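Q: I need the structure of the sequence given here:
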Amino acid sequence: MGMGGAAGGGGGGGRRGRRRRKSGVMSEINVTPMVDVMLVLLIIMMVAAPMMTAGVSVDLPRTAAGEMASQTRPITVAVTPEGAIFVDETPVTEADLVTTVGTLATVEDRVFLRGDTTANYGTVMRVMGLLSAAGYTKIGLVTERER
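A: A predicted model of the protein is given here:
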């Protein structure tokens with residue numbers, strides 16, 4: 001009877017050893033399913049991203065109210081290749097630029113600056129600096145779309 005108990009105890013010790021071996025194998029993480037799930041999520045995001053950026057079509061209501069008050073016509077400042085400055089169609093000097101624009105627009109109005117591609121970069125930046133220093137913060141640079 002005593003031997004059976006010893007054999008049982010030995011068997012129990014053997015089972016404990018087997019458990020340790022199994023837990024050693026189970027401690028390793030299997031990365032393959034995680035990679036598969038991440039690739040599927042990546043594909044879903046790639047397909048869904050263009051759909052999220054598309055605009056929503058909305059049927060806007062119609063009203064009899066007029067447009068919001070804004071300047072009647074935009075003020076355009078042009079710099080020619082020779083460095084001459086024009087406000088709309090009128091040639092002006094750098095000293096008279098701010099006063100001429102001030103008679104046509106308020107500080108809140110948008111001023112469009114058109115600089116020729118062959119014009120001196122410094123002249124265009126100097127005109128922009130004069131307008132900015134006078135308080136005209138809404139300066140738009142006019143460009144053409146490439147063909």
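
Q: give the bridge partners for the residue nearest to T93 when sequence neighbours are not counted, please.
A: With C-beta to C-beta, 6 or more residues apart in numbering as the criterion, T93 has its nearest non-adjacent residue at 7.1 Å, and that residue is I85. Quick note: C-beta positions are derived from backbone N, CA and C, even for glycine. Following DSSP bridges, I85 is listed with bridge partners V79, V92.

Q: for the protein, which segments count as strands?
A: Counting by DSSP state E, the chain has strands at residues 75-79, 85-87, 90-92, 111-115, 139-141.

Q: my guess is the residue nearest to T93 contacts A95, does it?
A: No - the pair I85 and A95 does not pass the contact test of C-beta atoms under 8 Å, sitting 10.3 Å apart.

Q: okay, now V79: neighbour count?
A: The local packing count at V79 equals 22, with neighbours defined by other C-beta atoms under 10 Å.

Q: V35 is nearest to which of the strands of the chain?
A: V35 lies closest to strand 139-141 among those, at 48.0 Å (C-beta to C-beta).

Q: who touches that closest one?
A: R110, V111, F112, L113, G115, M128, L131, S132 (C-beta atoms under 8 Å, 6 or more residues apart in numbering).

Q: then stretch 87-96?
A: 75-77, 84-86, 97, 100-101, 104, 126-127, 130.

Q: these: which two are farthest apart?
A: The distance between the two most remote of the contacts of stretch 87-96 (C-beta to C-beta) is 20.0 Å, for L104 and R126.
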